[in-house]
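Chemist: Turn this into a structure:
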Amino acid sequence: MFGCVIFSPWFDLLQAEDGASIPTRARTMLQFESSALGGQFDELRRKNFGLAFVVDGLAQFVWHSLRKSVVVTSVFRTMQQQRTTYGRGTKKVSPRMALQAADLRDWIRDPREVGPLLAFLSASASPHMFWHAVDICHWPYAPDEIEHIQAFLTGYDAYNQLAVIQAAGSKTVWLHDAGTREPHLHIQYKGPPIDLSRSC
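Modeler: Below you'll find the predicted structure:
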């Protein structure tokens, strides 16, 4: 039996081998820690379609290969939320890259502010602040499954315009536990919508 699932901006045909209803399967593949995060993910589809496409593809990949869900725990963060969670710790994107990627109308009212703004972002920039990152739970997966997920996501490095996360050796994925948060998989992406889930 085939059905049409809308769990991303595109339609995808899935075979319901286990008898699960198609809408239930779509909700099972990609879940959110809160309804607010679901709303942020809808906004992410408008602000960074490529990243939303990566996460949707990951959810498909994880469901088909591991029969497990992907649970989103963070999408957008304000600078204040970033400081509360991480202090002045984790900056994973260069301030220049962050500044170029930001919607400058929201950040800069006067071009003379660019210098101080760049210095300010240098201390606090996170790709989450620019709709370039999503965090997902790591706890549903065994260590070998996490490696499987990381290998899949590293495939996006070739298309990702963001800088390499030095601690991870990847532009796209990092397993870390900095700040006040539990360990989680950080996924960041700026680039075209690429579907690698079909090639695995």
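
Chemist: residue ranges for the helices of this protein, please.
Modeler: 22-29, 35-47, 49-66, 79-86, 95-101, 104-107, 114-124, 143-154 (DSSP state H).

Chemist: any low-confidence regions in this structure?
Modeler: Residue ranges of the chain with pLDDT under 70: 1-27, 79, 81-125, 178-181, 198-200.

Chemist: what about Val134, distance to Glu145?
Modeler: Applying C-beta to C-beta, to the nearest Å, the value for Val134 to Glu145 is 18 Å. For the C-beta atoms, the positions are set from N, CA and C on the backbone; glycine is no exception.

Chemist: Disregarding flanking residues, what is the spatial nearest neighbour of Ala168?
Modeler: Distance criterion C-beta to C-beta, 6 or more residues apart in numbering; nearest residue to Ala168, sequence neighbours excluded, is Trp174 at 3.7 Å.

Chemist: give me the number of residues near Pro140?
Modeler: 14 (other C-beta atoms under 10 Å).

Chemist: Quick one: residues contacting it.
Modeler: Pro140 makes contacts with 68-69, 71, as judged by C-beta atoms under 8 Å, 6 or more residues apart in numbering.

Chemist: Save these as JSON lines, and put in distance to Ile194 too.
Modeler: Shown next, in JSON lines, are the contacts of Pro140 (distance: C-beta to C-beta, whole Å):
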{"residue": "Lys68", "distance to Ile194": "22"}
{"residue": "Ser69", "distance to Ile194": "22"}
{"residue": "Val71", "distance to Ile194": "23"}
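
Chemist: Tell me which entries of the residues you listed lie within strands.
Modeler: Cross-referencing the contacts of Pro140 against strands under DSSP state E gives Val71.

Chemist: Select from the contacts of Pro140 the one having the most neighbours.
Modeler: Busiest of the contacts of Pro140 [other C-beta under 10 Å] is Val71, holding 18 neighbours.

Chemist: wait, what's in contact with that one?
Modeler: So Val71 contacts 31-33, 136-137, 140 (C-beta under 8 Å, 6+ apart).

Chemist: ditto for Leu196
Modeler: Applying C-beta under 8 Å, 6+ apart, the residues contacting Leu196 are 57, 61, 152, 155-156.

Chemist: related to what we said a few turns ago, please list only the buried members of the contacts of Val71.
Modeler: Neighbour counting by 16 or more other C-beta atoms under 10 Å classes 32, 136-137 among the contacts of Val71 as buried.

Chemist: can you tell me which of those residues lies nearest to Gln80?
Modeler: Phe32 (21.7 Å; C-beta to C-beta).

Chemist: So what sits opposite that closest one in the bridge?
Modeler: Val72 (DSSP bridges).

Chemist: I'd like the numbering to begin with 40 instead of 1 from here.
Modeler: Noted, 40 is the first residue going forward, which turns the last one into Phe71.

Chemist: could you measure it against Ser113, distance?
Modeler: Phe71 is 10 Å from Ser113, by C-beta to C-beta.

Chemist: State the pair within the contacts of Leu235 that is farthest apart.
Modeler: Phe100 and Tyr195 (11.4 Å).

Chemist: about what we covered before: take the contacts of Leu235 and write them to JSON lines, including distance to Ser165.
Modeler: Formatted as JSON lines, those follow (distance: C-beta to C-beta, whole Å):
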{"residue": "Gly96", "distance to Ser165": "23"}
{"residue": "Phe100", "distance to Ser165": "25"}
{"residue": "Phe191", "distance to Ser165": "23"}
{"residue": "Gly194", "distance to Ser165": "23"}
{"residue": "Tyr195", "distance to Ser165": "19"}
